[in-house]
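Undergrad: Quick one, what's the 3D model for this:
(one chain, ligands or ions: 1)
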Amino acid sequence: MNAYKVIPISTSIAQHMRVHMLDDYGNELSIRTAAYPNAYPCRHCLGYAKQHSGIVLFAYTPFKTPGPYSEVGPVFVCSDECQSYADINHLPPVVTHNHVGLRTYNQHHELLYLHSGLVQGKDAQNALEKVFREPEVAYAHFRTAQYGCFLCAVERL
Ligand SMILES: [Zn+2]
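TA: Numbering: from 1, shown residues only. Model (predicted):
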């Protein structure tokens, strides 16, 4: 077991978006279709939506408090109920099979540029262990490398 836990978007947020079809930023949501396989990572189950299945796109911030680094961005969840990512002590394939951005933050939710950067998914585990050896790193986010979209958060145990 690794000394961290992966934190997907919560079941309550995923379910809220499916039911109310309105995000926290006033965007009216709709069910879209996953046009391609392995292209729409659900931030709740941390798997890819099946091709031709429904997805809900909404604006989301993984930060609990406002601040200059508290970015809001687009994320998907499956439009049908799905299981929250369960293997939380291991990185999900949507991270390990992709080129990803690893962003680290201090306890004040400030981005730590020195310990952040792009990594190949196969190297993400080692990169994460390395940054978690830095005492100032409080937690990390994985994002898509190309577009910078939030994938999941990771905290030390
Ligand atoms: Zn899902």
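
Undergrad: for the protein, which spans come out with low pLDDT?
TA: The model of the chain has no residue with pLDDT under 70.

Undergrad: okay, now the domains of it?
TA: Per the record, the chain has its domains at 9-78, 93-156, by automatic domain parsing.

Undergrad: and residue 3, which of these is closest to it?
TA: domain 93-156 (6.2 Å; C-beta to C-beta). Backbone N, C-alpha and C define where each C-beta goes, glycine included.

Undergrad: if we can go back for a sec, with respect to residue 2, which of the domains of the chain lies nearest?
TA: Closest to residue 2 of the domains of the chain, according to C-beta to C-beta: domain 93-156, at 7.5 Å.

Undergrad: Next, the distance between the ends of the closest one.
TA: 19 Å (C-alpha to C-alpha, to the nearest Å).

Undergrad: picking that back up, JSON lines please, covering the domains of the chain and showing mean neighbour count.
TA: Shown next, in JSON lines, are those (neighbours: other C-beta atoms under 10 Å):
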{"stretch": "domain 9-78", "mean neighbour count": "16"}
{"stretch": "domain 93-156", "mean neighbour count": "17"}
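
Undergrad: can you map out the strands along this protein?
TA: Applying DSSP state E to the chain gives strands spanning 4-7, 31-33, 54-60, 73-78, 99-105, 117-120, 139-144, 150-156.
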